[in-house]
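Undergrad: Please work out how this folds:
(one chain, ligands or ions: 1)
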Amino acid sequence: MDFRCAVAEKVSEITGLELEQVNRLLEIPPQEDMGDFAFPCFMLAKTMHKAPNMIASELSGSEKLSASWLSKVEAKGPYLNFFVDRGAFSKEIVSDILSKGTEYGKSDEGAGKTVIVEFSSPNIAKPFHVGHAFTTILGHSLSRIYEKLGYNVVRMNHLGDYGTQFGKLITAYRLWGDEEALEKDPITELLRIYVKFHEEEKNDPELTTSARENFKRLEDGCEEEVSLWQKFRDMSLIVFEQLYKRMGVTFDNYNGESYYAKMADQVVSMLKEKNLLVESDGAQVVDLEEFGVPPCIILKSDGTTIYGTRDIAAILYRDENYHFDKNIYVVGIPQALHFKQVFSTLKKAGYECADKCEHVGFGLVKFQNMKFSTRDGNIVLLEELLDESVAKTYELIKANAEARNSDLSDEELRDIAEKVGLGAVIYTYVKAGRERDIVFSWDTMLDFEGDTAPYLIYTYARTRSILRKAADQGFLPEKAGSDLLTKLDGDEEFACVKALGDLPEAIRKAASSNEPFMVSRAVSGIARAFNRFYNNCSILGGDDNEKKTARLALCEAVCDAIEAGTYLLGISVVEQM
Ligand code: ARG
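TA: Here you go, the predicted structure:
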């Protein structure tokens with residue numbers, strides 16, 4: 001039984017409102033004494049010609065509200081508060097989780113619908129910095145969240161693999177390129193010659209000419225230039241893919257800007273045909289005054305296309321090949337205007353798919369008292385951030401293992417540190433609304449008692465160890481028949497069950513708002529509620545074996561929910577630590 005639906009049905013019955021509408025309005029109250037679900041009566045005031053407070057109080061007396069699973073219904077101000085029967089609720093939620101395991105929260109509401117998630121999209125030959133990590137982590141998480149809800153998800157990496165900079169790189173490589181260095185550390189080598197090009201260019205205008213010619217040859221498909229470009233692209237991708245693999249990130253395709261550049265002509269002729277191109281300072285643009293944004297440049301004065309033209313081509317390509325229901329772009333807030341221009345251009349050209357495109361922006365990444373040893377300059381590479389986090393985690397868990405005389409081998413400790421260290425970084429990116437800036441600080445992110453991945457993973461590992469210990473004593477959670485689960489009605493137990501019950505809704509909300517933090521908040525709520533229970537009640541103590549078994553079932557459910565939730569964020573749990 002779904003309690004939320006059951007409450008909604010009751011409300012719909014006594015108010016005559018549509019079930020769907022009630023379901024949308026139903027809230028989870030912020031405080032325990034306000035019950036488990038609350039229905040706000042404001043919107044009934046108009047039709048019932050009464051104050052919401054009065055309506056709530058009248059409705060609370062309705063006989064139709066009695067049910068075995070409802071312990072009471074109370075009016076509080078304009079709200080109708082529902083208190084469910086704890087035992088019945090616990091039995092429902094915990095047995096649901098135990099039967100589904102880590103599939104808990106899965107649904108098929110997205111079945112038959114396609115969502116394109118475009119994320120990561122780094123630039124070839126450029127370092128993969130912490131800003132690209134933001135899109136990578138958010139996009140990876142959103143992809144998993146949509147998948148959990150049954151959507152067909154297409155993960156796209158719109159590589160920055162096109163543009164005049166490749167003409168410069170070709171010129172620079174021919175002059176100063178070091179093949180061996182390129183093999184060893186491609187991005188560093190490409191960056192080195194790129195920087196050198198800009199320095200030398202100041203005194204040598206021929207370099208500029210050569211770069212322009214090389215770019216033209218590349219565009220025209222000349223073999224040598226294309227093969228150099230291909231080499232830069234392939235080698236950069238090897239580096240990016242190492243990072244993706246480390247984080248468990250995958251893509252369905254890497255069609256970058258170069259792929260869509262070939263289709264830019266079609267965009268130009270389509271816009272011409274529709275009479276949407278106007279001249280402005282020699283360039284061809286689409287006027288977007290009616291959308292309240294500056295014109296979208298399609299062709300520069302020298303007749304070449306730009307970034308935006310390629311984005312328009314990409315949307316048309318995606319629409320034709322994927323028939324998407326949603327096409328989301330996980331790209332930093334500074335590009336908000338760019339996307340508005342691109343989407344508005346398509347809208348003006350009459351494409352319905354324009355309304356299905358959405359820019360999912362995010363804030364900036366900052367660091368507090370953190371120094372990175374390997375490189376200088378202002379940019380922090382994701383790899384450095386991950387390595388440092390893993391190294392610091394390793395020291396922490398190693399010290400802890402020694403203090404406890406644990407028998408974990410060094411190899412095991414390193415494996416745990418890799419997962420927890422990565423988790424700590426990932427969690428920092430997804431723990432708050434994506435538009436907020438992020439501030440990294442070791443103390444905060446590696447705090448095993450804070451709102452962190454180490455805290456979640458530790459809670460999971462410790463709970464697993466309780467379950468192992470219990471199994472050794474012959475107590476198994478699966479022996480908790482569903483009637484035993486009604487024993488989970490103490491304050492702490494019930495709070496924990498309620499936190500568990502919030503996860504599916506949080507997943508749905510995370511998808512509808514493209515905010516993974518909804519999931520991280522729900523998972524952290526489960527861990528917090530569980531730890532309160534753990535600290536106040538002895539799970540394996542006492543001699544009420546039935547209670548013990550029921551509590552172990554709760555432990556098992558908490559593990560499943562934490563594992564399922566952290567997976568959606570891109571974080572892995574460990575069995576012991
Ligand atoms: N490569 C770009 C950058 O690093 C991001 C690409 C965003 N995606 C897009 N379809 N324009 O800034």
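Undergrad: Centre of the chain to the host helix or strand of Tyr534, how far?
TA: Using DSSP states H and E, Tyr534 maps to helix 517-536. For helix 517-536, the separation from the chain centroid amounts to 19 Å (computed by C-alpha atoms, centre = their mean, to the nearest Å).
Undergrad: ok, then the element right after it?
TA: Reading on from helix 517-536 to the C-terminus, the next helix or strand found by DSSP H and E is helix 545-569.
Undergrad: list the buried ones in that following helix?
TA: Neighbour counts over helix 545-569 (16 or more other C-beta atoms under 10 Å) mark 547-569 as buried. All C-beta atoms are positioned from the backbone trio N, CA, C, and that covers glycine.
Undergrad: how far is it from where the chain is centred?
TA: Mean-position distance between helix 545-569 and its chain equals 23 Å (C-alpha atoms, centre = their mean).
Undergrad: just stretch 151-171 next, same as before
TA: 22 Å.
Undergrad: mind listing what's buried in that stretch?
TA: Of all the residues in stretch 151-171, those buried under the rule 16+ other C-beta under 10 Å are 151-163, 165-171.
Undergrad: overlap between these and the residues near the ligand?
TA: The overlap between the buried residues of stretch 151-171 and the neighbours of the ligand (C-beta under 6 Å from any ligand atom) comes to His158, Gly160.
Undergrad: So which of the buried residues of stretch 151-171 sit within helices?
TA: Gln165, Phe166, Gly167, Lys168, Leu169, Ile170, Thr171 (DSSP state H).
Undergrad: how deep is the closest residue to the ligand within the stretch 1-150 of the chain tucked in, by neighbour count?
TA: Closest contact between the stretch 1-150 of the chain and the ligand, by C-beta to the nearest ligand atom, is at Ser121 (3.8 Å). By the criterion of other C-beta atoms under 10 Å, Ser121 has 21 neighbours.
Undergrad: which phi and psi does it have?
TA: phi 40, psi 60 (degrees, to the nearest 10).
Undergrad: which residues does it contact?
TA: Ser121 makes contact with His132, Thr135, Asn157, His158, Leu159, Gly160, Gly256, Val331, according to C-beta atoms under 8 Å, 6 or more residues apart in numbering.
Undergrad: okay, the fourth one: pLDDT?
TA: Going back to what we said before, that points to His158. The model reports His158 with a pLDDT of 98.
Undergrad: Distance-wise, check the residue nearest to it when sequence neighbours are not counted relative to Ile137.
TA: In space, and not counting its chain neighbours, His158 is closest to Ser121: 4.3 Å by C-beta to C-beta, 6 or more residues apart in numbering. Distance, Ser121 to Ile137, using C-beta to C-beta, to the nearest Å: 13 Å.
Undergrad: near the ligand, which residues of this protein?
TA: Contact residues (C-beta under 6 Å from any ligand atom) of the chain with the ligand: Glu118, Ser121, Pro122, Asn123, His158, Gly160, Asp311, Tyr329, Val331.
Undergrad: Give the buried residues for stretch 452-466.
TA: 452-464, 466.
Undergrad: hmm, who's touching that stretch?
TA: Applying C-beta under 8 Å, 6+ apart, the external contacts of stretch 452-466 come out as 393, 419-420, 423-424, 426-428, 444-449, 523-524, 527, 530-531, 534, 539-540, 552, 555, 558-559, 562-563, 566, 571, 573-577.
Undergrad: Looking at the stretch 351-500 of the chain, which residue is nearest the ligand?
TA: Nearest residue of the stretch 351-500 of the chain to the ligand, counting by C-beta to the nearest ligand atom: His359, 9.3 Å away.
Undergrad: ok, now which ones touch that residue?
TA: Residues in contact with His359 (C-beta under 8 Å, 6+ apart) are Ile328, Tyr329, Val331, Gln335, Ala336, Phe339, Lys340, Phe343.
Undergrad: Pretty sure Tyr34 sits against Ala75.
TA: Heads up, residue 34 is Met, not Tyr. No. Between Met34 and Ala75 there is no contact under C-beta atoms under 8 Å: 11.2 Å.
Undergrad: Tell me the residues that contact both of those two, please.
TA: Jointly contacting Met34 and Ala75 under the rule C-beta under 8 Å, 6+ apart are Asn81.
Undergrad: Just the ones of the contacts of His359 in strands?
TA: Of the contacts of His359, the ones assigned to strands by DSSP state E are Ile328, Tyr329.
Undergrad: Let me have the contacts of His359 in a markdown table, adding distance to Leu271 as columns.
TA: A markdown table is the format used below for these (distance: C-beta to C-beta, whole Å):
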| residue | distance to Leu271 |
| --- | --- |
| Ile328 | 24 |
| Tyr329 | 21 |
| Val331 | 23 |
| Gln335 | 21 |
| Ala336 | 22 |
| Phe339 | 18 |
| Lys340 | 17 |
| Phe343 | 15 |
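Undergrad: and the residue of the stretch 351-500 of the chain closest to the ligand, which of the three is it?
TA: strand (DSSP: H, G, I helix; E, B strand; the rest coil).
Undergrad: just Val115 next, same as before
TA: Secondary structure state of Val115, per three-state DSSP, is strand.
Undergrad: need the contact list for it.
TA: Contact partners of Val115, counting by C-beta under 8 Å, 6+ apart, are Tyr146, Tyr151, Asn152, Val153, Val154, Phe324, Asp325, Lys326, Asn327, Ile328.
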